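Asker: need a 3D model of the following:
(chains A and B)
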Amino acid sequence: MAEVNAGDGGGGGRHKKKRAKKLSTRIDMTPMVDLGFLLLTFFMLTTTFSQPKVIELTPPVKTHDSTKIQDTLALTLILGKSDTVYYYNGKLNLTLDSNNVTTTTFSDDGLRKLVLSRNQYVLNSIKELQKQHDANKIPDSAYSRLLDKAEGNKYARFVIIKTDTNTKYINVIMTLDEMTICDVGKYSLINESDDDLKMIEDYKQKHKK
Amino acid sequence: MPKIKLPRNSPSIDMTPMVDLAFLLVTFFMLTTKFRPEEPVKVVIPFSVSSLKIPENVTTISIDSAGRVFFDMDGKDVRPRVLQSVMEKYKQTVSAEDLSRFAVMGTFGVPINQVKQYIETDDEHRKAMSNASAGIPMDTLHNNNQLADWVSAALSYSMDDYTTKVVKNPTMKPPHFAIKADGRAKYKIVKQVIDICQKFNIQHFELITSLKSMPKP
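Answerer: Numbering: from 1, shown residues only, chains lettered A, B, ... in the order given. This is a model prediction of the structure:
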């Protein structure tokens, strides 16, 4: 019977010692580099560092006693349907024969200019504070507190932002943004009243082309 | 004339430092990348000058341009509990596997009777389901305010989670509620969502926007 001796490879009879071939210790790193850069490219392209930002909003809680504000200090903005803002100062005049509301747009010359001009009192005091701060007369800690105080001053304008059923969300954000840009410290976001609607209709009737 | 012999350099250069650098960068990007599950809807968020960062531990209510409402929240270990409690309320069954799949799922916007199917299907079908659905119902008239149930469950469980974890980890942030609405959406819908949240005494909202630069005065 034939047998295969598999285990007898030790070869006692051979004189030549089998020597491992001396291999270079350097290995070809090209494929690894390829892979490395491939992954690098992938992660670099898929990573977005920009985290979205947020506007903080603390809407008023529904209570029965609402805050009374002085009429003369109020500026009411009504965000209309197609990027128009209707506004009036103080209390709404309900007589139908005069221009009670005026319109403006969401532009630098429109809403920005309007709010800036109405908020002049606060802006002036902020400017004054800034001057003193630049001249190192006020420490940093007091500065931010004083800024808040200036924005919340009792002579500061109060902006009432009214929205209706057709107001677009972007317009609300734009208006809130204007409040930040123009340093308006006191504003609130509420629904419009029937009187407001009536006046807007009246305005539209008069300005029909 | 004899030719000038240039010393023959080996054309292979030592690539070790380059590889080191490449893998260092790979490691960096791998660790900093957080894979976001694909959003079922496209929400174009408006720009604002606000530079506040979005906080951690946040429940996000998305509103798309058509006014459909979608829900998402952070917290892998809170999400299953929220799902279970809402499903129980509507007498829907949910398996352990569903719960673990829900833990890593992204934004969703289907009514409660489709939630189980939505969890179990694949990405493509999820997209189709989201497109076909009208968002999470928040109908107050027919006592079908499912959004309110999601919000209330999210609030109570993430609050629980926060109070137990904050002892060990004092830097942890309390749960927040963010609204990610499309600029073209009607404010009316946003207001409705805010009103629902206010019923559960959530007073503070984060409106998600992308940054634009402050205009020069």
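
Asker: centre of the chain to stretch B:20-32, how far?
Answerer: Chain-centre distance of stretch B:20-32: 25 Å, with CA atoms, centre = their mean, to the nearest Å.

Asker: contacts for that stretch?
Answerer: The contact list for stretch B:20-32 (CB atoms under 8 Å, 6 or more residues apart in numbering or on different chains) reads A:Val33, A:Gly36, A:Phe37, A:Leu39, A:Leu40, A:Phe43, A:Met44, A:Thr47. Bear in mind the C-beta positions are built from the backbone N, C-alpha and C, glycine included.

Asker: heading C-terminal from the helix or strand encompassing the first one, find the next helix or strand.
Answerer: By that I understand A:Val33. When secondary structure is defined by DSSP states H and E, A:Val33 falls within helix A:30-46. Remark: after helix A:30-46, the chain's next helix or strand is strand A:53-57, criterion DSSP H and E.

Asker: mind listing the helices for chain B?
Answerer: With DSSP state H as the criterion, chain B has helices at B:16-32, B:79-89, B:96-103, B:112-120, B:123-132, B:146-165, B:187-199.

Asker: next, format those as JSON lines and append mean neighbour count and mean pLDDT.
Answerer: Shown next, in JSON lines, are these (neighbours: other CB atoms under 10 Å in any protein chain shown; pLDDT from 0 to 100):
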{"stretch": "helix B:16-32", "mean neighbour count": "14", "mean pLDDT": "84"}
{"stretch": "helix B:79-89", "mean neighbour count": "19", "mean pLDDT": "89"}
{"stretch": "helix B:96-103", "mean neighbour count": "15", "mean pLDDT": "88"}
{"stretch": "helix B:112-120", "mean neighbour count": "16", "mean pLDDT": "87"}
{"stretch": "helix B:123-132", "mean neighbour count": "14", "mean pLDDT": "85"}
{"stretch": "helix B:146-165", "mean neighbour count": "19", "mean pLDDT": "89"}
{"stretch": "helix B:187-199", "mean neighbour count": "19", "mean pLDDT": "88"}
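
Asker: need the ones you listed in JSON lines (columns: distance to B:Met214).
Answerer: Shown next, in JSON lines, are the helices of chain B (distance: least, CB to CB, whole Å):
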{"stretch": "helix B:16-32", "distance to B:Met214": "28"}
{"stretch": "helix B:79-89", "distance to B:Met214": "37"}
{"stretch": "helix B:96-103", "distance to B:Met214": "40"}
{"stretch": "helix B:112-120", "distance to B:Met214": "42"}
{"stretch": "helix B:123-132", "distance to B:Met214": "36"}
{"stretch": "helix B:146-165", "distance to B:Met214": "33"}
{"stretch": "helix B:187-199", "distance to B:Met214": "24"}
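
Asker: so which of these is nearest A:Leu79?
Answerer: helix B:187-199 (7.6 Å; CB to CB).

Asker: residues touching stretch B:90-104, excluding its own?
Answerer: Against stretch B:90-104 from outside (CB under 8 Å, 6+ apart): B:37, B:76-77, B:79-80, B:83-84, B:87, B:112-113, B:115-116, B:119-120, B:146, B:149.

Asker: ok, and the closest non-adjacent residue to A:Asp196?
Answerer: In this structure, A:Asp196 finds its nearest non-sequential neighbour in A:Ile78, 5.6 Å apart by CB to CB, 6 or more residues apart in numbering or on different chains.

Asker: over to A:Thr46?
Answerer: B:Thr33 (6.4 Å).

Asker: picking up where we left off before, switch the contacts of stretch B:20-32 over to CSV; also include neighbour count, distance to A:Ser193 and pLDDT.
Answerer: Shown next, in CSV, are the contacts of stretch B:20-32 (neighbours: other CB atoms under 10 Å in any protein chain shown; distance: CB to CB, whole Å; pLDDT from 0 to 100):
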residue, neighbour count, distance to A:Ser193, pLDDT
A:Val33, 16, 70, 81
A:Gly36, 21, 65, 84
A:Phe37, 16, 64, 87
A:Leu39, 17, 60, 86
A:Leu40, 20, 60, 85
A:Phe43, 18, 55, 83
A:Met44, 13, 54, 81
A:Thr47, 13, 49, 75
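
Asker: coming back round to it: from the contacts of stretch B:90-104, pick the one nearest B:Asp161.
Answerer: B:Asp77 (7.0 Å).

Asker: which residues are in contact with that closest one?
Answerer: Contacts for B:Asp77 (CB under 8 Å, 6+ apart) come out as B:Ala103, B:Asp161.

Asker: now it: how far from B:Lys89?
Answerer: Using CB to CB, to the nearest Å, B:Asp77 is found at 20 Å from B:Lys89.

Asker: noted, bye for now.
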